[in-house]
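In: Give the three-dimensional model of this entry:
(one chain, ligands or ions: 1)
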Amino acid sequence: MRILDIRERSLPISRYAGPARQGALTTSVVAIITDVVKAGRPIVGYGYASVGRYAQSGLIRERFAPRLLQAPAETLIGDDGNLDPFKAWQAMMTGEKPGGHGERCVAIGALDTALWDIAAKAAELPLHAHLTGRLGAVSAETNKVRVYASGGYRHPRDDLSLLADEMRRFADLGFFNAKMKIGSAGLDQDLRRIEVAVAALGAPGRLAVDAMNAYDRSAGLEAATKLSPLGLWWFEDICDPLDFETQSALASAYTPPIGAGEALFSAAEARLLARHGGLRPDRDVLLFDPVHCYGLPGYLQIVEAATLEGWARQAFWPHGGHLFGLHLAAALGLGGAEVTPFAFQPFCGLADDSVIADGYVTLPQAEGIGFETNTALKMLFRELAG
Ligand code: MG
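Out: Predicted structure coming up:
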């Protein structure tokens, strides 16, 4: 197998349902084209740089795609004759120094996603099954993964009624748990928003809240005090992701579950969080996004680092709402995965025919990651690949 071409495009994405709404984020979509032809078409791997940060066009085009294209084909192939994404990862990381993760980890993660798509398609397996074989069958004997619905951004008009409507639609789709954003409206207004969302879902234990790292120490402590008695599912991204001293103080003030790790990208940072963030492995949740964390090889380093610090794999709930995270949750036996049913078009939802019931989704059975099972993504990626 030989990589013939790598294509990348920056795409605007919106946090709201509807592409024209504010949010102004971008992401990189990538297509890696190989010389292997199956059923009359070349195997093409698709990936994108998850959501919540920005496109990494320069890094992909100038640094990481050329390294993949220039690597001798035989150095990227495993003993089974298939593309080995771990070897490809080493080729991409050639010459990179420790630290200084910036967002190069996001560029690598987008390409790594597409490389795993290729490897699983060549093996004619859905990615979770390919990974289970490749990594040594660590997943539970189940054909479904726990998921939750993410959204609940603040709307400039009709915020409360739109929030309630969104939460009801999550429940109608079959989700048991949901997550909403707080931290931008003032605490009193956020408490009102939480009350509305809980009423729509039916119980506070079904709702997680995400402050998107907005609070400083005093605002975080005030929020922790007010939110503590509510019985929420978890309280996420409370303070600056690298301010472990504040994170630890907040954990002392907030006994219910806390979610953290979404904006940390390396095993070294995960170790610092585990040792100095004051988190409790018996209840807290780790949200590292595999695509933002240098792809699967980087994510596995993080899982190992946290495991050595006493964390169970069930504590991991990958951020991002993408099918790559869903496959990893299945193959690695993680707690579950995020889904964004309406936000971040065109990257919302999973497959067109995904069935969610009682908060679980049945595992995808299409070969590879299965982005093509989502009509909007299929059109997008096919256009990119030409
Ligand atoms: Mg978050």
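In: Check what pLDDT the residue of the chain most remote from its centre gets.
Out: Distance from the centre of the chain peaks at Gly40, with 32.5 Å (C-alpha atoms, centre = their mean). Gly40 is assigned a predicted lDDT (pLDDT) of 93.
In: now swap in Tyr294 and tell me
Out: 98.
In: Pull the contacting residues for it.
Out: Tyr294 sits next to 89, 93, 105, 108-109, 112, 265-266 when contact means C-beta atoms under 8 Å, 6 or more residues apart in numbering. Any C-beta I mention is one placed from the backbone N, CA and C, and that applies to glycine too.
In: What sits closest to Thr362 if chain neighbours are left out?
Out: Lys144 (5.3 Å; C-beta to C-beta, 6 or more residues apart in numbering).
In: before we move on, back to that, make CSV out of the contacts of Tyr294 and add neighbour count.
Out: Output for the contacts of Tyr294, formatted as CSV (neighbours: other C-beta atoms under 10 Å):
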residue, neighbour count
Trp89, 20
Met93, 16
Cys105, 25
Ile108, 29
Gly109, 30
Asp112, 30
Phe265, 27
Ser266, 20
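In: Let's have those in CSV, adding distance to Thr26.
Out: Output for the contacts of Tyr294, formatted as CSV (distance: C-beta to C-beta, whole Å):
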residue, distance to Thr26
Trp89, 24
Met93, 24
Cys105, 17
Ile108, 17
Gly109, 15
Asp112, 19
Phe265, 18
Ser266, 23
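In: Kindly indicate whether Pro98 is helix, strand or coil.
Out: coil (DSSP: H, G, I helix; E, B strand; the rest coil).
In: Could you report the neighbour count for it?
Out: Here the number of neighbours of Pro98 (other C-beta atoms under 10 Å) works out to 7.
In: again with the one 5 residues further on
Out: Burial measure for Glu103: 16 neighbouring residues, criterion other C-beta under 10 Å.
In: pretty sure it contacts Ala55?
Out: No. Using C-beta atoms under 8 Å, Glu103 makes no contact with Ala55, being 9.5 Å away.
In: Could you tell me how far Asp159 is located from Ile302?
Out: Distance, Asp159 to Ile302, using C-beta to C-beta, to the nearest Å: 35 Å.
In: Tell me which of those two has more neighbours.
Out: Higher neighbour count among Asp159 and Ile302: Ile302, with 26 against 17, using other C-beta under 10 Å.
In: can you pull the contacts of the more buried one?
Out: 266-267, 270, 288, 293.
In: For it, give its distance to the ion.
Out: 16 Å (C-beta to the ion, to the nearest Å).
In: nearest spatial neighbour of that residue, skipping sequence neighbours?
Out: Per C-beta to C-beta, 6+ apart, closest to Ile302 is Ala270, 4.5 Å.
In: Tell me the helix or strand right after the helix or strand encompassing the one you found.
Out: Using DSSP states H and E, Ala270 sits in helix 267-276. As assigned by DSSP H and E, the chain's next helix or strand after helix 267-276 is strand 285-286.
In: Quick check on Gly277: phi, psi?
Out: phi -90, psi 0 (degrees, to the nearest 10).
In: Touching, it and Gly259? I think so.
Out: No. Counting by C-beta under 8 Å, Gly277 does not reach Gly259; the two are 11.5 Å apart.
In: How is Ala120 assigned, secondary-structure-wise?
Out: helix.
In: Sorry, wrong one. I was asking about Pro42.
Out: Under three-state DSSP, Pro42 comes out as strand.
In: repeat for Pro290
Out: Following three-state DSSP, Pro290 is assigned to coil.
In: The residue nearest to it when sequence neighbours are not counted: neighbouring residues, count only.
Out: Nearest residue to Pro290 in three dimensions, chain neighbours excluded: Tyr299, at 4.0 Å (C-beta to C-beta, 6+ apart). Other residues within reach of Tyr299, judged by other C-beta under 10 Å, total 28.
In: tell me the pLDDT at Tyr299?
Out: Tyr299 carries a pLDDT value of 98.
In: my read: Pro341 touches Arg169, true?
Out: Yes. Under the criterion of C-beta under 8 Å, Pro341 makes contact with Arg169 at 7.4 Å.
In: neighbour-wise, which of those two wins?
Out: Pro341 (22 against 17).
In: can you give me the strands for the stretch 201-350 of the chain?
Out: 207-210, 235-236, 258-260, 285-286, 337-339 (DSSP state E, counting those that start in this stretch).
In: With distance to Tyr153 as extra columns, can I get those strands in TSV?
Out: Formatted as TSV, those follow (distance: least, C-beta to C-beta, whole Å):
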stretch	distance to Tyr153
strand 207-210	10
strand 235-236	14
strand 258-260	17
strand 285-286	20
strand 337-339	14
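In: closest one to Asp117 among those?
Out: Nearest to Asp117, of all these, is strand 337-339, at 17.0 Å by C-beta to C-beta.
In: Establish whether that closest one and the ion are in contact.
Out: No. On the criterion C-beta under 5 Å from the ion, strand 337-339 is out of touch with the ion, staying 8.7 Å away.
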